[in-house]
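Engineer: Could you look at this predicted model? Sequence included:
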Amino acid sequence: MQAIRYGRRCGMNRKKMSPGRKVFMVFDICIVLLLSIFCLIPLLNLLAYSFSSSQPIIENRVFLFPKEFTFKAYGYVLSNKEFWRSAGISVIRVLLGVPVNTILTILVAYPLSKDESAFKARKYYVAYMLVVMLFNGGLMPTYYIVSKTGLIDTVWSLIIPGAVPIFNCIVLMNFFRGIPGELEESAKLDGANQWQILKKIFLPISKPSLATIILFSLINHWNAWFDGLIYSNHTENYPLQSYLQTMVTSTTEILAQGDLRSIEKLIGINDTNMKSAQIFISVIPLMLIYPFLQKYFTTGLTLGSVKG
């Protein structure tokens, strides 16, 4: 009976929805659908090119669906040793860089989340962080430091210059400031020190915000390409995105080399579908990881922007 009454109440609430509210909801849904379509079209176009043969691409007959469906571009890319070597460097960068970013972000955000009564210099550090976020030291000073510390051509040159992401620190700091102070006071009364409070209270509560900054760090490390070009003197040390920017071999160059095996593999392949296949393969890891962190993403951003 209670369920029936609840259903009737819900039905009455739906009937009470004003015409203006209905128009707004329809308009909102249409806008979201249009934005989703606009976001999906480039990805679908890229996918269609990667599965199409070279002739329809040359004739400009490919848009959202493949023409003369083929796996040849993917077969060529997956047999390319340079592609897999650069992908391995990117994986190592992510496995090292994300934990470094996360740990340092926590260690910076936690003390800055305290009130000025507990941390008197807080406002100066926050002001410094904002200035650093808006105005960095520049490319030449950073390169000079990296080269003088012997990090050139190492994976650490891709991690250490951006080890403390300021935006992530601000997001996590604001999330920490939104945690009720009574929890910390109760822990202090029980004899807990700051490390215990951070480990047993703040971090478990902050899972949504931590998932958000982990996702930001992962995307940043995986998609970064410019630092690989600057801090690597040899192409074999390029991460995947740097390789895609500079080392995507032209089919014309391969044909000029006269290697019969390579020429046989290039039948039905041109620059466009080969590059599309490489780019799409490089996006797959992010597409696989995002669904697991998506449920925390929006919550982490909204809760991390409540208090300043």
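Structural biologist: Okay, I see it. Numbering: from 1, shown residues only.
Engineer: and the helix or strand hosting V126, which residues are buried?
Structural biologist: Assigning secondary structure by DSSP states H and E places V126 in helix 122-134. Of the residues in helix 122-134, R122, M129 count as buried by neighbour count, 16 or more other Cβ atoms under 10 Å. Glycine gets a C-beta too; all of them are placed from N, C-alpha and C.
Engineer: from the chain's centre, how far out does the following helix or strand past it sit?
Structural biologist: For helix 122-134, the succeeding helix or strand toward the C-terminus, using DSSP H and E, is helix 139-148. Put simply, helix 139-148 sits 25 Å off its chain's centre (Cα atoms, centre = their mean, to the nearest Å).
Engineer: May I have the helix or strand just after helix 139-148 exported as CSV, CA atoms only?
Structural biologist: Remark: after helix 139-148, the chain's next helix or strand is helix 166-177, criterion DSSP H and E. The C-alpha atoms that make up helix 166-177 are tabulated as CSV, following Å, rounded to 0.1, in the frame of the first residue of the first chain:
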residue,chain,number,x,y,z
ILE,A,166,49.1,23.3,-9.0
PHE,A,167,45.6,22.9,-10.3
ASN,A,168,45.3,19.4,-8.7
CYS,A,169,46.6,20.9,-5.5
ILE,A,170,43.9,23.5,-5.4
VAL,A,171,41.2,21.0,-6.2
LEU,A,172,42.3,18.7,-3.4
MET,A,173,43.0,21.6,-1.0
ASN,A,174,39.4,22.9,-1.4
PHE,A,175,38.0,19.4,-0.9
PHE,A,176,40.0,19.0,2.3
ARG,A,177,38.7,22.4,3.6
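Engineer: what's helix 166-177 packed up against?
Structural biologist: Packing partners of helix 166-177 (3 or more Cβ pairs under 8 Å, 6 or more residues apart in numbering; DSSP states H and E): helix 81-112, helix 122-134, helix 207-223, helix 271-303.
Engineer: tell me the most buried of those?
Structural biologist: Per residue and on average, the most neighbours among the helices and strands packed on helix 166-177 fall to helix 207-223, with a mean of 20 (mean count of other Cβ atoms under 10 Å).
Engineer: So for whichever helix or strand comes after that one, what gets flagged as buried?
Structural biologist: Using DSSP H and E, the next helix or strand after helix 207-223 towards the C-terminus is helix 226-231. For helix 226-231, a neighbour-count test (16+ other Cβ under 10 Å) marks D227, G228, I230, Y231 as buried.
Engineer: Identify, from the residues you listed, the entry nearest to P19.
Structural biologist: D227 (54.3 Å; Cβ to Cβ).
Engineer: Look up the closest residue to that closest one, ignoring the ones flanking it.
Structural biologist: L158 (5.5 Å; Cβ to Cβ, 6 or more residues apart in numbering).
Engineer: ok, now Q278?
Structural biologist: Spatial nearest neighbour of Q278, excluding adjacent residues (Cβ to Cβ, 6+ apart): V77 at 5.2 Å.
Engineer: circling back to that earlier point, tabulate the buried residues of helix 226-231 (TSV), appending distance to L64 and pLDDT.
Structural biologist: Below are the buried residues of helix 226-231 laid out as TSV (distance: Cβ to Cβ, whole Å; pLDDT from 0 to 100):
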residue	distance to L64	pLDDT
D227	34	88
G228	32	88
I230	37	90
Y231	39	91
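Engineer: Distance of the most centrally placed residue in the chain relative to L43?
Structural biologist: In the chain, the residue lying closest to the centroid (Cα atoms, centre = their mean) is I219, at 1.9 Å. Counting by Cβ to Cβ, to the nearest Å, the separation of I219 from L43 is 16 Å.
Engineer: What of N60?
Structural biologist: Distance of N60 to L43, given as Cβ to Cβ: 19 Å.
Engineer: neighbour count winner among those two?
Structural biologist: Between N60 and L43, counting by other Cβ atoms under 10 Å, L43 is the more crowded of the two (13 against 7).
Engineer: between the buried residues of helix 226-231, which is nearest F71?
Structural biologist: G228 (28.8 Å).
Engineer: Hmm, the closest one is touching Q241, no?
Structural biologist: Yes: between G228 and Q241 there is a contact at 6.9 Å, judged by Cβ atoms under 8 Å.
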